[in-house]
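A.B. asks: Make a model of this:
(one chain, ligands or ions: 2)
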Amino acid sequence: MRRVIVDTDTAGDDTQALALSVLTDRLSVEAVTVVAGNVAFDRQVENAKYTLSLVDASDIPVYEGARSPLVKSHEHATEIHGEGGLGGDLFPETGIDSAEGFAPDEIVARCRESPGEVTLLCIGPLTNLALAHAREESLPELIDEVWVMGGAVECRGNVTPAAEFNVWADPDAAKRVVDAFDVTLVDWGLCLRTALGPDILDEIDAMDTDLADFFREVTTVVRERGEAGGLDGITQPDGLTAALLAYPELRERVESYPVAVDDREGLTRGYTSVDFEGVTGEPADTRVVEAADSEGFADAVLAMLRDRDPDAAFE
Ligand code: RIB
Ligand code: CA
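C.D. replies: Ligands and ions are numbered 1, 2, ... in the order given. Down below sits the predicted model:
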């Protein structure tokens with residue numbers, strides 16, 4: 001089992017990534033760290049705790065991290081995830097305490113304790129990981145892998161024409177992380193290519209399980225927007241990233257390139273530049289997942305929502 005810390009700005013698709021990461025036997029989620037992003041920070045913290053409780057994992061500690069980006073100001077994405085981040089009608093109050101300690105410190109402590117054994121699954125802005133690196137400059141050598149949902153590789157962004165939300169929300173952090181760590185990147189373009197189609201959504205609509213109910217709830221707004229925007233289905237960026245980490249068999253093509261992040265304020269804030277031709281002379285140390293088995297991903301989501309067993313899709 002791969003030991004994992006999930007760093008999240010818990011809203012709609014984050015919840016599905018958390019659930020899958022807990023329910024698969026391929027991963028062992030040892031901690032959840034919360035970072036400023038999608039919706040109000042304290043809502044995100046409750047969303048993470050509520051999601052863990054739905055998959056009987058309330059024993060996993062939830063650490064609170066950065067409540068704002070390193071430098072820039074950012075807006076929440078309530079227009080995507082609904083007020084509160086879970087579709088707009090769900091505002092859980094779990095009464096579960098957060099774990100003691102600031103998330104970046106906890107990331108450092110755990111990686112120091114188990115050098116080379118802990119993987120970071122980053123499914124929100126990269127502020128916590130950037131702050132952890134500022135505390136421990138050898139963190140790239142102490143961590144196993146860093147998987148990031150972020151960036152827009154040769155495709156339009158989803159928050160501006162140039163940028164995807166996680167990188168746009170804190171481009172200064174994203175630049176530091178991409179420059180310092182060997183990141184595996186799951187970008188917005190791949191999420192568009194592996195969206196859950198109407199046939200999958202129809203199957204989920206026909207399910208009578210608590211996880212299917214939860215999925216329908218948290219994707220309410222993104223489905224309405226998708227239908228209105230002509231997207232035939234819905235993307236699941238964070239769930240896809242978690243599934244690609246858990247199931248190497250879903251990774252159809254992964255290539256390494258030099259990738260740079262534009263941290264300047266303005267038109268191209270958060271743009272992720274991929275040097276496909278190697279013209280920059282920079283190290284090709286970012287692994288970009290360029291193709292994924294979208295049917296296999298959908299099967300894992302269906303198995304999780306139907307039977308709480310995403311691994312069944314691979315047996
Ligand atoms: O651009 C998609 C990403 O931004 C996802 O992680 C989603 O949860 C939001 O944080
Ligand atoms: Ca997220």
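A.B. asks: Number of residues surrounding the residue of the stretch 51-200 of the chain found nearest ligand 1?
C.D. replies: The minimum distance from the stretch 51-200 of the chain to ligand 1, using Cβ to the nearest ligand atom, falls at Phe165 (3.7 Å). For the C-beta atoms, the positions are set from N, CA and C on the backbone; glycine is no exception. Using other Cβ atoms under 10 Å as the criterion, Phe165 is surrounded by 26 other residues.
A.B. asks: Also Gln16?
C.D. replies: Look at Gln16: counted by other Cβ under 10 Å, it has 26 neighbours.
A.B. asks: My understanding was that it contacts Leu302; is that so?
C.D. replies: No. Gln16 lies out of contact with Leu302 (Cβ atoms under 8 Å); the separation is 12.0 Å.
A.B. asks: Please give the centre-to-centre distance between the helix or strand bottoming out on mean pLDDT in the chain and its chain.
C.D. replies: Lowest by mean pLDDT, DSSP states H and E among the helices and strands of the chain is helix 220-228, with a mean of 83. Centroid separation for helix 220-228 versus its chain: 20 Å, with Cα atoms, centre = their mean, to the nearest Å.
A.B. asks: Same check on stretch 241-261?
C.D. replies: On Cα atoms, centre = their mean, the centre of stretch 241-261 falls 13 Å from that of its chain.
A.B. asks: Can I take it that Ala130 is in a strand?
C.D. replies: No. Using DSSP: H, G, I helix; E, B strand; the rest coil, the secondary structure at Ala130 is helix, not a strand.
A.B. asks: ok, and the closest non-adjacent residue to it?
C.D. replies: Excluding the flanking residues, the one nearest Ala130 by Cβ to Cβ, 6 or more residues apart in numbering is Ala173, at 3.6 Å.
A.B. asks: so that neighbour sits in a helix?
C.D. replies: Yes. Counting by three-state DSSP, Ala173 is found in a helix.
A.B. asks: thought it was touching Leu70?
C.D. replies: Yes. Here Ala173 lies in contact with Leu70, judged by Cβ under 8 Å, at a distance of 5.1 Å.
A.B. asks: quick one: pLDDT of Pro115?
C.D. replies: pLDDT, Pro115: 98.
A.B. asks: What separation do you get for it and Glu145?
C.D. replies: According to Cβ to Cβ, to the nearest Å, Pro115 and Glu145 sit 13 Å apart.
A.B. asks: Now the common contact residues for those two.
C.D. replies: Both Pro115 and Glu145 lack any common contact, where contact means Cβ atoms under 8 Å, 6 or more residues apart in numbering.
A.B. asks: What about the nearest residue to Asp144 once chain neighbours are set aside? Give its phi and psi, please.
C.D. replies: The shortest distance from Asp144 to any non-neighbouring residue, by Cβ to Cβ, 6+ apart, is to Thr119 (4.7 Å). Dihedral angles of Thr119 (phi, psi; degrees, to the nearest 10) stand at phi -100, psi 140.
A.B. asks: likewise the one 4 residues further on?
C.D. replies: Here the main-chain torsion angles of Ile123 (degrees, to the nearest 10) amount to phi -120, psi 30.
A.B. asks: what about the residue nearest to Ala130, distance to Val167?
C.D. replies: 9 Å.
A.B. asks: got any residues that touch both of those two?
C.D. replies: 125-126.
A.B. asks: near ligand 1, which residues of the protein show up?
C.D. replies: 9, 11, 13-14, 37-38, 77, 123-124, 149, 158, 164-166, 188, 237-238 (Cβ under 6 Å from any ligand atom).
A.B. asks: Can you sort out which of these also neighbour ligand 2?
C.D. replies: With Cβ under 5 Å from the ion as the criterion, the residues of the chain next to ligand 1 include 9, 14, 123-124, 238 near ligand 2.
A.B. asks: Just those: which are in helices?
C.D. replies: If you go by DSSP state H, these have 14, 238 in helices.
A.B. asks: And the furthest pair within the ones next to ligand 2 among the residues of the chain next to ligand 1?
C.D. replies: Asp9 and Asp238 (9.2 Å; Cβ to Cβ).
A.B. asks: what's the overlap in contacts for those two?
C.D. replies: In contact with both Asp9 and Asp238: Ile123, using Cβ under 8 Å, 6+ apart.
A.B. asks: any idea of the mean pLDDT in stretch 90-101?
C.D. replies: pLDDT averaged over stretch 90-101 gives 97.
A.B. asks: how far does that stretch sit from the chain's center?
C.D. replies: Counting by Cα atoms, centre = their mean, stretch 90-101 comes out at 20 Å from the chain centroid.
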